[in-house]
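> Structure for this input, please:
(one chain, ligands or ions: 1)
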Amino acid sequence: MAQQEDVFKKIVAHAKEYGFVFPSSEIYDGLSAVYDYGQNGVELKNNIKRYWWEAMTLLHENIVGIDSAIFMHPTIWKASGHVDAFNDPLIDNRDSKKRYRADVLIEDHIAKIDEKIDKEVEKARKRFGDSFDEEMFKQTNQRVVDYIKHREAVHTRFSEAMNANDLEGLRNIIIDEEIVDPISGTRNWTDVRQFNLMFSTEMGSTADGSMTVYLRPETAQGIFVNYLNVQKTGRMRIPFGIAQIGKAFRNEIVARQFIFRMREFEQMEMQFFVRPGDEMRWFAYWKEWRLRWHKALGLGDEKYRYHDHEKLAHYANAATDIEFQMPFGFKEVEGIHSRTDFDLSQHEKYSGKKIQYFDPELNASYTPYVIETSIGVDRMFLSVLCSSYEEQALEGGDSRVVLHLPAALAPTKCAVMPLVRKDGLPEKAREIVDELKFDFTTHYDEKDSIGKRYRRQDAVGTPYCITVDHQTLEDNTVTLRERDSMEQIRVNINDLHALIHDKVSLNSLLRKLK
Ligand code: ATP
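Down below sits the predicted model:
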């Protein structure tokens, strides 16, 4: 674990050193849980967004996009339930003066019990070898039986307290389980209070005439309130979807783990409108399809898992998360929810406008049901970055840091380098750049030794380096070096485009989703 934390620290440092992610307002000592994307970060982020957008809108003829405003009528957040219920239970430790989410403290505590169970199981598995029967062991080993019983008891109390919004109940669990503050090590806890996560501001110039508006905490509501506009103007027929990418804001109580939990972040959300009664079929479809989208990137199938929700949000009748193995454990990257007709019905109620769909096949009107897929751009970015980072020992005692980014997502697709800065090689290299730049992000680099230049490109994940040497002037060939294998082949300049395109284009990646 400690080793993983070290790796994570290195990734964060690497992200800064190579222009991927900077702390916001750094020269003013930063702003907590807000980050800026640098010259490489913005390219990687844009590529992630394009991959999502095109997978949704190009590959599905019944999905269209919108771009709604961040400010919306405040009643929207009343209708959606965010004003009253978008809360986290917070608790303070009087000694460390640190603030925590009470539910997270308890979840972490449960995870620790799980770890103890896993440890016992692994120990026994080693001891018994092939004949090991895990289920039998869990039922008969007294220590493990006790752990499981304890875990279940805590979990039941926790679910009940969360479902009933019982803040005192949450606090009692923290006290009874003797959960300590990881910083002060004490149990000197305050009461648990509700904390609304929405940021608010004033719109309008005078004190009298202004009204409180919110920075949207999710992009989804912008889709719901435009449902009628899009359905009518696009003459959309159910089932159909509306996709949107945009900023969202949450005043997170504990902002941790770099860009995993930010106060300003970006979401890619798609709401898919279906007939009531059809929602489970579509929920299953999107659950499978979204995982396929992730796996097509080739980051490793074993790094993903579903986490089906036991406790459902008030609007959902099914929900699952796609979790990714980050250096700090399996964590949610995307949520897939069956939201019933909750949102559209609420907006119908609060706006007084009829929000229904006339289904010509059924010759009847109804409020559509909704399946939502919601993924954080920044979390996706983090998962790509973490799983791509490698410190590699090379033959001859050398080493390199390489980002094995999926080629279609890499900020720069190829770098063109003259071997030396004379004899017409730079001019030839420039010619190649001028040709390739229309299709690929291409860099020209002539500084330092060729080895150093390769390392620089490895560190930002550039899939191809093209080296121009004296032979190039004679036979129009160059060296094409591939990032991961470091293999170098001699190819004709005229073949470069096709060779590179095949590997780095978004098109090739999208085709994997067929
Ligand atoms: P969590 O339980 O981690 O707070 P959530 O369940 O509240 O997340 P959703 O409301 O389902 O998250 O939002 C959908 C997606 O938006 C998440 O899967 C995540 O990728 C992203 N997201 C949510 N909150 C943040 C945040 N504070 N910073 C970055 N990304 C976020």
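
> surely A79 meets Y350?
Yes: counting by C-beta atoms under 8 Å, A79 touches Y350, with 3.9 Å between them. Any C-beta I mention is one placed from the backbone N, CA and C, and that applies to glycine too.

> can you tell me the helix or strand for L480?
strand 477-482 (DSSP states H and E).

> Other residues contacting the following helix or strand past that strand?
Downstream of strand 477-482, the next assigned helix or strand under DSSP H and E is strand 488-492. For strand 488-492, the external contacting residues (C-beta atoms under 8 Å, 6 or more residues apart in numbering) are 476-482, 499.

> which among these end up buried?
By neighbour count, with 16 or more other C-beta atoms under 10 Å, these hold 477-481 as buried.

> Please identify which pair of these lies farthest apart.
T477 and R481 (13.5 Å; C-beta to C-beta).

> more crowded one of A79 and Y350?
Each of A79 and Y350 has its neighbours counted (other C-beta atoms under 10 Å); A79 has more, 22 against 14.

> How much space separates that one from the ligand?
Distance, A79 to the ligand, by C-beta to the nearest ligand atom, to the nearest Å: 17 Å.

> what does N507 give?
26 Å.

> For that residue, report the pLDDT, please.
Note for N507: predicted pLDDT of 94.

> Specify the local secondary structure of it.
helix (DSSP: H, G, I helix; E, B strand; the rest coil).

> show me where pLDDT drops low in the stretch 301-450 of the chain?
Within the stretch 301-450 of the chain, the segments meeting pLDDT under 70 span 311.

> For it, which residues are neighbours of the ligand?
332-335, 374-376, 378-379 (C-beta under 6 Å from any ligand atom).

> change it to 5 Å
332, 335, 374, 376, 378-379 (C-beta under 5 Å from any ligand atom).

> Give me the subset of those that lies in strands.
332, 335, 374, 376 (DSSP state E).

> who's in contact with the second one?
Right, G335. G335 sits next to 319-322, 372-375 when contact means C-beta under 8 Å, 6+ apart.

> Right, and the ligand sits closest to which residue of the protein?
Closest contact between the chain and the ligand, by C-beta to the nearest ligand atom, is at G376 (2.5 Å).

> For that residue, list the residues it contacts.
Taking C-beta under 8 Å, 6+ apart as the test, what G376 contacts is 265-268, 333-334.

> which other helices and strands contact the helix or strand encompassing E474?
Assigned by DSSP H and E, E474 falls within helix 470-475. Counting contacts by 3 or more C-beta pairs under 8 Å, 6 or more residues apart in numbering; DSSP states H and E, helix 470-475 is packed against helix 425-436.

> and F195, what are its bridge partners?
Here F195 sits in beta bridges with D88, going by DSSP bridges.

> Tell me if I'm right that it and E252 touch.
No: between F195 and E252 there is no contact, the gap being 9.8 Å when judged by C-beta under 8 Å.

> list residues touching both of those two?
With C-beta under 8 Å, 6+ apart, F195 and E252 have no common neighbours.

> domains for the chain, by residue range?
1-86+197-278+332-393, 405-511 (automatic domain parsing).

> residues contacting the closest residue to R250 other than its chain neighbours?
Of all residues beyond its chain neighbours, the one nearest R250 is L197 (4.5 Å), with distances taken as C-beta to C-beta, 6 or more residues apart in numbering. For L197, the contacting residues are 86-88, 217, 250-253, by C-beta under 8 Å, 6+ apart.

> buried set for the helix or strand containing I174?
Using DSSP H and E, I174 sits within helix 167-176. Buried residues in helix 167-176, counted by 16+ other C-beta under 10 Å: 167, 169-171, 173-174.

> Now do the helix holding E474: everything it contacts.
419, 423-425, 428, 477-478, 493.

> try 10 Å this time
418-420, 423-425, 427-429, 432, 466, 477-479, 490, 492-493 (C-beta atoms under 10 Å, 6 or more residues apart in numbering).

> Go ahead and build a PyMOL selection from the buried members of those residues.
Selection of buried members from those for PyMOL, criterion 16+ other C-beta under 10 Å:
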select buried, resi 418+419+425+428+429+432+466+477+478+479+493
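
> check whether stretch 162-178 contacts the ligand.
No: taking C-beta under 5 Å from any ligand atom as the criterion, stretch 162-178 and the ligand are apart, separated by no less than 12.5 Å.

> now do stretch 282-300
No: using C-beta under 5 Å from any ligand atom, stretch 282-300 never reaches the ligand; the gap is at least 11.1 Å.

> Give the rounded mean pLDDT of that stretch.
Stretch 282-300 comes out at a mean pLDDT of 97.
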